[in-house]
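Any chance you could fold what I've pasted below:
(2 chains)
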Amino acid sequence: SAVISQKPSRDICQRGTSLTIQCQVDSQVTMMFWYRQQPGQSLTLIATANQGSEATYESGFVIDKFPISRPNLTFSTLTVSNMSPEDSSIYLCSVTRLAGVTDTQYFGPGTRLTVL
Amino acid sequence: TQLLEQSPQFLSIQEGENLTVYCNSSSVFSSLQWYRQEPGEGPVLLVTVVTGGEVKKLKRLTFQFGDARKDSSLHITAAQTGDTGLYLCAGEYSNSGYALNFGKGTSLLVTP
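Numbering: from 1, shown residues only, chains lettered A, B, ... in the order given. Below is the predicted model:
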């Protein structure tokens, strides 16, 4: 398994501001993923973060809005920029670990963001 | 994007009842995972199925992967109030490495 922590666990922010979310993993991983879970919805992948290269963004997500850093193999940050109420969501980071013969994803507890 | 359809979306049952949640796709997945998520928490992995026709049991939970690896089901026997939560199926898709494509989830409420 993997132990993943996120900071902050929740925040309430004003429109137009930015929030940086941190994700820490208990051991080195190649890929980290950032997901968004809007209220009452399932998880949507924002981007994949590899150490030493630019993050790969999914359709509908752009670097200017969601800049990501991956300075080492155990840490990543996601910034939600110029926030609006539509950005109110739970943001989750995850990592992949080999479990037996399959790759398994493990999730952090999430950061609950409310934008006023 | 490979779509995963989950049904039902909501389910409210009483303790002791049985239930089945379905996860269907038109695409073949190399593996499919089931997660359970409680309010304020991240999803927690229940099981990974890999082989077509595979059946896995986790106490009162039975997971099945379709022969063609396009669908899966989760069956809970004698549900308990502690089973309440959001159940998510997720398939591995190739465009983003090992990232997952999630179904919309089934919100289960088990009442005493």
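
what's the longest strand anywhere in chain A in contact with?
Longest strand of chain A, by residue count under DSSP state E: strand A:89-99. Strand A:89-99 has contacts (Cβ atoms under 8 Å, 6 or more residues apart in numbering or on different chains) with A:1-2, A:4, A:6, A:21, A:23, A:25, A:29-39, A:43, A:46, A:76, A:78, A:80, A:103-108, A:110-113, B:42-43, B:48, B:97-98. From N, CA and C alone the C-beta is placed, and that goes for glycine too.

Would you mind pulling up the elements that the next helix-or-strand element following it packs against?
Remark: after strand A:89-99, the chain's next helix or strand is strand A:102-107, criterion DSSP states H and E. The elements that strand A:102-107 packs onto, with contact taken as 3 or more Cβ pairs under 8 Å, 6 or more residues apart in numbering or on different chains; DSSP states H and E, are strand A:89-99, strand B:32-37, strand B:44-49.

got a list of contacts for strand A:102-107?
By Cβ under 8 Å, 6+ apart, strand A:102-107 touches A:1-2, A:4, A:33, A:35, A:92-98, B:31, B:33, B:35, B:42-45, B:48, B:50, B:90, B:92, B:98-100.

quick one: strands adjacent to the following helix or strand past it?
As assigned by DSSP H and E, the chain's next helix or strand after strand A:102-107 is strand A:111-115. Using DSSP bridges, the strands paired with strand A:111-115 are strand A:10-13 (parallel), strand A:89-99 (antiparallel).

which parts of the last one are buried?
If you call a residue buried by 16 or more other Cβ atoms under 10 Å in any protein chain shown, then strand A:89-99 has these buried ones: A:89-96.

Contacts for the strand or helix carrying A:Thr20, please.
Assigned by DSSP H and E, A:Thr20 belongs to strand A:19-25. If you take Cβ under 8 Å, 6+ apart as the criterion, strand A:19-25 is touched by A:2-8, A:11, A:13, A:32, A:34, A:74-80, A:83, A:91, A:93, A:95, A:108, A:111, A:113.

Now a ChimeraX select for only the buried ones of those residues.
Of these, the buried ones go into a single ChimeraX selection, burial set by 16+ other Cβ under 10 Å:
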select /A:2,4,6,13,32,34,74,75,76,77,78,80,83,91,93,95,108,111,113
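
hang on, B:Ala79 in a helix?
No. Per DSSP: H, G, I helix; E, B strand; the rest coil, B:Ala79 lies outside any helix segment and is coil.

give me the number of residues near the residue lying closest to it once chain neighbours are set aside?
Nearest residue to B:Ala79, sequence neighbours excluded (Cβ to Cβ, 6 or more residues apart in numbering or on different chains): B:Val110, at 4.7 Å. B:Val110 has 20 neighbours, counted by other Cβ atoms under 10 Å in any protein chain shown.
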